[in-house]
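A.B. asks: Starting from these lines, generate the structure:
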Amino acid sequence: KDKAITGQAVTVKIKSHDFKLKTKVSQMCQFSNCEELIHVTAKKILTNLLDSSDEQPLSLRLMGVRLSELKDKNDPSLKQRQGNILAFVRGEGSNTQASMCKSNTKKYQCPMCGFDAENLAILNNHVDKCLAGNPLDDQTDVGTNTSAEEKCPIC
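C.D. replies: Next up is the predicted model:
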(Lines give C-alpha, C1' and ligand atoms only; values in the text may rest on other atoms or scores of the structure.)
Protein backbone atom coordinates (compact mmCIF):
# COMPACT_ATOMS: atom_id res chain seq x y z
CA LYS A 1 0.00 0.00 0.00
CA ASP A 2 2.80 2.42 0.82
CA LYS A 3 4.19 2.18 -2.70
CA ALA A 4 0.76 2.60 -4.36
CA ILE A 5 0.99 -0.68 -6.26
CA THR A 6 -2.21 -2.51 -7.15
CA GLY A 7 -2.88 -5.95 -8.58
CA GLN A 8 -5.74 -7.78 -10.21
CA ALA A 9 -4.99 -11.51 -9.98
CA VAL A 10 -4.97 -13.38 -6.67
CA THR A 11 -3.25 -16.77 -6.70
CA VAL A 12 -3.46 -19.41 -3.98
CA LYS A 13 -0.99 -22.29 -4.05
CA ILE A 14 -1.23 -25.24 -1.68
CA LYS A 15 0.98 -28.25 -1.08
CA SER A 16 -0.64 -31.23 0.60
CA HIS A 17 0.94 -33.62 3.07
CA ASP A 18 1.84 -35.95 0.18
CA PHE A 19 3.62 -33.06 -1.67
CA LYS A 20 0.95 -32.62 -4.35
CA LEU A 21 0.73 -29.02 -5.60
CA LYS A 22 -2.48 -27.26 -6.55
CA THR A 23 -2.69 -23.69 -7.81
CA LYS A 24 -5.75 -21.59 -8.54
CA VAL A 25 -5.94 -17.99 -9.81
CA SER A 26 -8.87 -15.61 -9.58
CA GLN A 27 -9.18 -12.27 -11.34
CA MET A 28 -10.66 -9.44 -9.28
CA CYS A 29 -13.06 -7.08 -11.06
CA GLN A 30 -10.64 -4.20 -10.71
CA PHE A 31 -7.08 -3.53 -9.63
CA SER A 32 -6.75 -3.24 -5.86
CA ASN A 33 -4.30 -3.25 -2.99
CA CYS A 34 -6.98 -3.51 -0.31
CA GLU A 35 -5.99 -6.22 2.18
CA GLU A 36 -9.60 -7.07 2.99
CA LEU A 37 -10.56 -7.56 -0.67
CA ILE A 38 -7.47 -9.70 -1.34
CA HIS A 39 -8.17 -11.74 1.80
CA VAL A 40 -11.79 -12.40 0.80
CA THR A 41 -10.74 -13.42 -2.71
CA ALA A 42 -7.97 -15.73 -1.42
CA LYS A 43 -10.35 -17.29 1.10
CA LYS A 44 -12.86 -18.11 -1.66
CA ILE A 45 -10.10 -19.69 -3.74
CA LEU A 46 -8.81 -21.72 -0.79
CA THR A 47 -12.31 -22.92 0.08
CA ASN A 48 -12.80 -24.00 -3.53
CA LEU A 49 -9.45 -25.84 -3.54
CA LEU A 50 -10.19 -27.63 -0.27
CA ASP A 51 -13.73 -28.58 -1.30
CA SER A 52 -12.63 -29.94 -4.68
CA SER A 53 -9.87 -32.08 -3.19
CA ASP A 54 -10.14 -35.84 -3.55
CA GLU A 55 -8.86 -36.32 -0.01
CA GLN A 56 -11.17 -35.11 2.73
CA PRO A 57 -10.10 -33.51 5.00
CA LEU A 58 -7.02 -32.30 3.17
CA SER A 59 -3.88 -31.86 5.29
CA LEU A 60 -1.81 -28.92 4.10
CA ARG A 61 1.96 -28.76 4.28
CA LEU A 62 2.29 -25.31 2.71
CA MET A 63 0.05 -22.52 1.49
CA GLY A 64 0.83 -19.29 -0.31
CA VAL A 65 -1.10 -16.26 -1.57
CA ARG A 66 0.21 -14.02 -4.33
CA LEU A 67 -1.06 -10.83 -5.96
CA SER A 68 -0.04 -10.43 -9.60
CA GLU A 69 -0.75 -8.34 -12.69
CA LEU A 70 0.64 -5.37 -10.81
CA LYS A 71 0.26 -1.74 -11.85
CA ASP A 72 0.95 1.64 -10.32
CA LYS A 73 -2.13 3.04 -8.58
CA ASN A 74 -1.82 6.29 -10.57
CA ASP A 75 -1.75 4.49 -13.93
CA PRO A 76 -4.36 6.16 -16.20
CA SER A 77 -5.46 2.78 -17.57
CA LEU A 78 -6.87 1.87 -14.13
CA LYS A 79 -9.80 4.27 -14.32
CA GLN A 80 -12.86 2.13 -13.77
CA ARG A 81 -15.24 2.03 -16.69
CA GLN A 82 -18.15 0.17 -15.14
CA GLY A 83 -19.31 -0.53 -11.59
CA ASN A 84 -20.85 -3.71 -10.30
CA ILE A 85 -24.26 -4.53 -8.88
CA LEU A 86 -23.04 -4.67 -5.26
CA ALA A 87 -21.73 -1.09 -5.42
CA PHE A 88 -24.99 0.02 -7.03
CA VAL A 89 -27.12 -1.58 -4.31
CA ARG A 90 -24.96 0.00 -1.63
CA GLY A 91 -25.35 3.36 -3.38
CA GLU A 92 -21.63 3.84 -3.84
CA GLY A 93 -21.55 4.55 -7.54
CA SER A 94 -18.73 2.71 -9.25
CA ASN A 95 -16.15 2.57 -6.45
CA THR A 96 -16.27 -1.03 -5.28
CA GLN A 97 -12.83 -0.94 -3.69
CA ALA A 98 -13.94 1.89 -1.43
CA SER A 99 -16.89 -0.21 -0.33
CA MET A 100 -14.62 -3.00 0.86
CA CYS A 101 -11.84 -0.89 2.36
CA LYS A 102 -13.56 2.06 4.00
CA SER A 103 -16.06 1.91 6.79
CA ASN A 104 -19.56 2.26 5.46
CA THR A 105 -21.32 5.19 7.15
CA LYS A 106 -24.09 5.41 4.57
CA LYS A 107 -27.57 6.29 5.69
CA TYR A 108 -30.45 4.55 3.99
CA GLN A 109 -33.35 6.74 2.95
CA CYS A 110 -37.04 5.82 2.86
CA PRO A 111 -38.22 6.14 -0.76
CA MET A 112 -41.63 7.38 0.35
CA CYS A 113 -40.77 10.06 2.88
CA GLY A 114 -37.00 10.55 2.95
CA PHE A 115 -36.60 9.23 6.50
CA ASP A 116 -32.89 8.47 7.20
CA ALA A 117 -32.06 5.09 8.74
CA GLU A 118 -28.62 3.85 9.77
CA ASN A 119 -29.10 0.29 8.53
CA LEU A 120 -31.36 -1.79 6.33
CA ALA A 121 -33.22 -3.42 9.22
CA ILE A 122 -34.33 -0.02 10.53
CA LEU A 123 -35.21 1.10 7.00
CA ASN A 124 -37.31 -2.03 6.39
CA ASN A 125 -39.14 -1.53 9.68
CA HIS A 126 -39.82 2.10 8.82
CA VAL A 127 -41.01 1.31 5.28
CA ASP A 128 -43.44 -1.24 6.73
CA LYS A 129 -44.81 1.50 9.00
CA CYS A 130 -45.09 3.91 6.07
CA LEU A 131 -46.96 1.36 3.96
CA ALA A 132 -49.29 0.47 6.83
CA GLY A 133 -49.98 4.14 7.54
CA ASN A 134 -49.15 3.70 11.22
CA PRO A 135 -47.81 6.83 12.88
CA LEU A 136 -44.36 6.73 14.43
CA ASP A 137 -44.03 6.86 18.19
CA ASP A 138 -43.09 10.15 19.83
CA GLN A 139 -39.58 8.74 20.16
CA THR A 140 -37.24 8.19 17.27
CA ASP A 141 -36.78 4.81 15.59
CA VAL A 142 -34.21 2.68 17.39
CA GLY A 143 -30.68 3.25 16.10
CA THR A 144 -31.28 6.38 14.03
CA ASN A 145 -30.07 9.92 14.54
CA THR A 146 -33.37 11.39 13.41
CA SER A 147 -35.06 13.65 15.93
CA ALA A 148 -38.76 13.58 16.76
CA GLU A 149 -39.34 16.71 14.62
CA GLU A 150 -38.10 14.88 11.52
CA LYS A 151 -40.83 12.25 11.46
CA CYS A 152 -42.16 10.69 8.30
CA PRO A 153 -44.74 13.07 6.76
CA ILE A 154 -46.82 10.15 5.51
CA CYS A 155 -47.08 8.55 8.93
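A.B. asks: And the helices in the protein?
C.D. replies: 35-51, 85-90, 96-101, 120-132 (DSSP state H).
A.B. asks: export those helices to a markdown table and tack on mean pLDDT and distance to residue 74?
C.D. replies: C-beta: built from backbone N, CA, C; applies to glycine. Formatted as a markdown table, the helices of the chain follow (pLDDT from 0 to 100; distance: least, C-beta to C-beta, whole Å):
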| stretch | mean pLDDT | distance to residue 74 |
| --- | --- | --- |
| helix 35-51 | 91 | 19 |
| helix 85-90 | 70 | 22 |
| helix 96-101 | 48 | 15 |
| helix 120-132 | 83 | 35 |
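A.B. asks: Of those, which is nearest residue 7?
C.D. replies: helix 35-51 (8.0 Å; C-beta to C-beta).
A.B. asks: Now that closest one: buried residues?
C.D. replies: 37, 38, 41, 42, 45, 46, 49 (16 or more other C-beta atoms under 10 Å).
A.B. asks: can I get the helices of the chain in CSV with distance to residue 73?
C.D. replies: Formatted as CSV, the entries for those read as follows, by distance: least, C-beta to C-beta, whole Å:
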stretch, distance to residue 73
helix 35-51, 14
helix 85-90, 19
helix 96-101, 10
helix 120-132, 32
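A.B. asks: among the ones you listed, which is nearest residue 23?
C.D. replies: Closest among the helices of the chain, using C-beta to C-beta: helix 35-51, at 8.7 Å.
A.B. asks: Mind giving me the packing neighbours of the closest one?
C.D. replies: strand 5-16, strand 21-32, strand 60-68, helix 96-101 (3 or more C-beta pairs under 8 Å, 6 or more residues apart in numbering; DSSP states H and E).
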